Structures are given as C-alpha cells and as structure tokens.
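S.K.: Quick one, structure for this:
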Amino acid sequence: TSLQALARAHKLRPTQFENHFVAFLLFLQGATRYALTLEQLRDDLLGLGLSKEKIVLVAKLWHKRAEDLCDIATDQTLRVNELVDMEWSFGVAASNDEVKQLGSAFLRVKLVLDNGGKPETVFMEMSLPQFYEFIHGMERARASFSSAAPGVSAGSNGAPSVSD
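M.R.: The predicted structure follows:
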C-alpha cells in the first residue's frame, strides 16, 4: 500500500508507521468532533510529546484544512430520524373534563420522520407555554451548535448546512 511505501521511503517499519498514522487520524477525528481551537490543538499535541516544529506544521495545516475536516465529518454523520415533512395547526379547547382548560390555546404538530428509509409519523400536542419553551430550546440548541461547529448553520429548511 502507499502507507507501506511511505514508511520504506523514510526507513521506518511499515506496521509501526501504520499504527502511528491510524493514531494520528483518530486524534484529528477527535479534534474535529470536539471542534478544538488552534490553541487547544497545540496544547494537546504538546502534551503528546510532539516537537515544536511538528506542532507548528500541524497547526498550519489544521488552520488551513479545519473547515474541510468539518465538512467531511458532517457528510459522514449518520442521519437518524431526519425530518421529511411537518404540519401544524393551532386550536382552542372548546370542551374538556377540566373547566380551567376551557378556552386555552394549543398547538398540534404532525411530524413525518425518515427512520432509516422507513417513514414514521409522530403527533404532538403542546400548550402555548410549552410551544414557546420548545422554540426557545431549539434556538439555544442552534446557538450551541453554531458555536461548537464554526461554519455550520441552519439551512432554509432548518437542517444543518455547511458554508463554503
């Protein structure tokens, strides 16, 4: 393989070189998953015992290619319960077992999810306070996602999209 050829070119044992290469790839995968900053990456590499020259080289490449690594990680993410369709309606309770519930507004939502190629329909009903709490939770999640994965934002359909 090309890794073995590269190992031989640098007079290294192929199996040892492959083990180090795989370990480095796992390190980069973790750094991408946890959206390490350049400073955090440098600190981790220093903690692993890399020389300052190698850290500078890796940091330059990380700075140049971090967005590409994020794109690759996003493309490889398993999509589970992806939203396919949504219908919603507002209503007002006209009759109920409890008098205090009479005249209260609610939101009824029908979600169609892609559950591994098999559509699944989920129904939800929320009071207006529950709906507002849900919306605020989604906004907090979007803000947290945006800060954890720079360059990724919600697209027009609400799904994550990666900017170029």
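S.K.: Tell me how many other residues crowd the spatially closest residue to residue 88 that is not a sequence neighbour.
M.R.: Distances taken as Cβ to Cβ, 6 or more residues apart in numbering place residue 109 nearest to residue 88, at 4.8 Å, with adjacent residues excluded. Just so you know, the C-beta spots here come from the backbone N, C-alpha and C atoms, and that holds for glycine as well. Per other Cβ atoms under 10 Å, the neighbour tally for residue 109 reads 15.
S.K.: got it, and the one 10 residues further on?
M.R.: Around residue 119 there are 10 other residues, counting by other Cβ under 10 Å.
S.K.: looking only at pLDDT, what's the mean for the longest helix along the chain?
M.R.: Ranked by residue count and defined by DSSP state H, the top helix of the chain is helix 52-75. Mean per-residue pLDDT for helix 52-75: 85.
S.K.: Packing partners of it?
M.R.: If contacts are counted by 3 or more Cβ pairs under 8 Å, 6 or more residues apart in numbering; DSSP states H and E, helix 52-75 sits against helix 14-33, helix 38-47, strand 160-162.
S.K.: how far is the helix or strand just after that helix from where the chain is centred?
M.R.: Per DSSP states H and E, the first helix or strand lying C-terminal to helix 52-75 is strand 82-92. Strand 82-92 has its C-alpha centroid displaced from the chain centroid by 24 Å (Cα atoms, centre = their mean, to the nearest Å).
S.K.: Can you name the secondary structure element that comes next after strand 82-92?
M.R.: strand 105-115.
S.K.: Can you list the buried residues in that following strand?
M.R.: Residues of strand 105-115 classed as buried: 106-107, 111, 113 (neighbour count, 16 or more other Cβ atoms under 10 Å).
S.K.: Stretch 61-72 now?
M.R.: 62, 66, 70-71.
S.K.: residue ranges with poor pLDDT in this structure?
M.R.: 1, 76-80, 95-102, 147-164 (pLDDT under 70).
S.K.: closest one to residue 94 among the helices and strands packed on helix 52-75?
M.R.: strand 160-162 (40.0 Å; Cβ to Cβ).
S.K.: I'd like to check which residues are in contact with residue 81.
M.R.: 113-115, 120 (Cβ atoms under 8 Å, 6 or more residues apart in numbering).
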